[in-house]
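Q: My questions are about this predicted structure, shown below with the sequence.
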Amino acid sequence: MEKNVFVQNNRIVFTHLKIHWKLVLFFAICWFLFTVSLMVPTVFPFTEFGYNRPFIQVLHILSETQHENGSSGSGSSPMTISQVLNSSLFGPPAIIFFTVVIMTFAHLSFTKEIGHNQIGVWMTLSLSRTQIFVSKLLFILFTCFAIFMPSFLVIIIISATAYDANQFMGLVLLYGLIFFIFILALVGIYTLFFIIFSDKPALALIIISMISVYIIVTSVINLFASVAYEPAKWMLNFKYFSIQSLIVSPLNFQYVENNQTVVENIISENTTVTLTFNNLVKANLGWQIASPIVLLSLGCGSSYLGNHIFNRKNFNL
């Protein structure tokens, strides 16, 4: 009997994959290309300074060349892997992208099937409503994993080639895990909205869109606070009210005056390159431990509540 239930659960997951595989592939290709377009350029800015691999940590490069009549120099702060991850691939653009992914497949798996009475097909199987709900939820989770993982492999491969991979590679892997836990929480929360408003899907879309706008607005405020010379106190504190603060970055590098690591490298007879590295600022250990627990609690709690509502909903079959 248990084996039959397992087969029936898998049948729901694989049926959804069979129906929507083109859409899954489309999202996966889009995110993969976006990741490649951001990660590959992190290698090139350093080649003119004699470095043919990227860096994970944030740094400033100063190149000085001696001439007969004096010297000339040029400075640069090229985009590094940690900056790409913080600003884009594990930042607001990624949150918005996976919000669209989750909204799409939650709508197709729940709202659309309930609205068109297609949910009755699964009711004919020897499965409880809870098992049907879990199978559909697993389909959305697997879809997010299938979209996220190829791009994360690109991040891992390029990060592994970095000069400072021995120091920070473990933090890159940890960052990816934290962000995927955040995605899992979004799956539970957004699916709950689609279950609650299964008869009014537009309302669910409006609520989730408002959350997305809030993420964008708070990200802009946080950006201004980080680059402003003397930001207002409320701007500095606003980050604690942003949803993305639940993604605790283990790759937060900041400039601390008179406390940087400086490396000089003579790349030719007349040219010297000086690398000045920003310092790694470790997040509060308590919050670093608590945030994944909070995210998992939100995801599991939302999924439990969604299942509870799904079990008691009248589908008018």
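A: Here it is on my side, so go on.
Q: What is the one helix or strand Tyr304 maps to packed up against?
A: Per DSSP states H and E, Tyr304 falls inside helix 285-312. With contacts taken as 3 or more Cβ pairs under 8 Å, 6 or more residues apart in numbering; DSSP states H and E, helix 285-312 sits against helix 129-160, helix 165-196. Placement of C-beta: from N, CA and C, glycine included.
Q: relative orientation of it and helix 165-196 in degrees?
A: Orientation check (axes from the mean of the first three to the mean of the last three Cα atoms, to 10 degrees): helix 285-312 against helix 165-196 gives 30 degrees.
Q: Is Ile132 in contact with Thr124, as I believe?
A: No. Under the criterion of Cβ atoms under 8 Å, Ile132 is not in contact with Thr124, lying 10.7 Å apart.
Q: returning to that earlier point: show the average pLDDT along the helix holding Tyr304.
A: Helix 285-312 shows a mean pLDDT of 91.
Q: Report the distance from it to the chain centre.
A: Centroid separation between helix 285-312 and its chain, computed with Cα atoms, centre = their mean, to the nearest Å, is 18 Å.
Q: Ile132 and Thr124: which has the busier surroundings?
A: Counted by other Cβ atoms under 10 Å, Ile132 and Thr124 do not tie: Ile132 has more neighbours, with 20 against 8.
Q: what's the nearest residue to that one if we skip its chain neighbours?
A: Setting aside the residues directly before and after it, Ile132 is nearest to Trp122 in space (Cβ to Cβ, 6 or more residues apart in numbering), at 4.9 Å.
Q: The stretch 1-150 of the chain: helices as residue ranges?
A: Applying DSSP state H, counting those that start in this stretch to the stretch 1-150 of the chain gives helices spanning 2-39, 81-84, 92-106, 112-115, 119-123, 129-160.
Q: I would like the residues contacting the second one, please.
A: This means helix 81-84. Identification of contacts with helix 81-84 by Cβ atoms under 8 Å, 6 or more residues apart in numbering yields 38-39, 42, 54-58, 155, 158-159, 162, 168, 172, 251-253.
Q: ranges for the helices of the stretch 201-317 of the chain?
A: 201-227, 233-238, 285-312.
Q: Adding distance to Asn278 and mean neighbour count as columns, could you present the ones you listed in JSON lines?
A: Below are the helices of the stretch 201-317 of the chain laid out as JSON lines (distance: least, Cβ to Cβ, whole Å; neighbours: other Cβ atoms under 10 Å):
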{"stretch": "helix 201-227", "distance to Asn278": "13", "mean neighbour count": "15"}
{"stretch": "helix 233-238", "distance to Asn278": "19", "mean neighbour count": "12"}
{"stretch": "helix 285-312", "distance to Asn278": "19", "mean neighbour count": "15"}
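Q: Please render the ones you listed as CSV that adds distance to Val100 to the earlier fields.
A: Listed next are those as CSV, based on distance: least, Cβ to Cβ, whole Å:
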stretch, distance to Val100
helix 201-227, 8
helix 233-238, 25
helix 285-312, 18
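Q: circling back: where among the helices of the stretch 1-150 of the chain is the average confidence lowest?
A: Across these, helix 119-123 has the smallest mean pLDDT, namely a mean of 76.
Q: Which elements pack onto it?
A: So helix 119-123, by 3+ Cβ pairs under 8 Å, 6+ apart, packs with helix 129-160.
Q: let's go with 6 Å and repeat that
A: Judged by 3 or more Cβ pairs under 6 Å, 6 or more residues apart in numbering; DSSP states H and E, helix 119-123 is in contact with no other helix or strand.
Q: Could I get the buried residue list for it?
A: By 16 or more other Cβ atoms under 10 Å, the buried positions in helix 119-123 come out as Ile119, Trp122.
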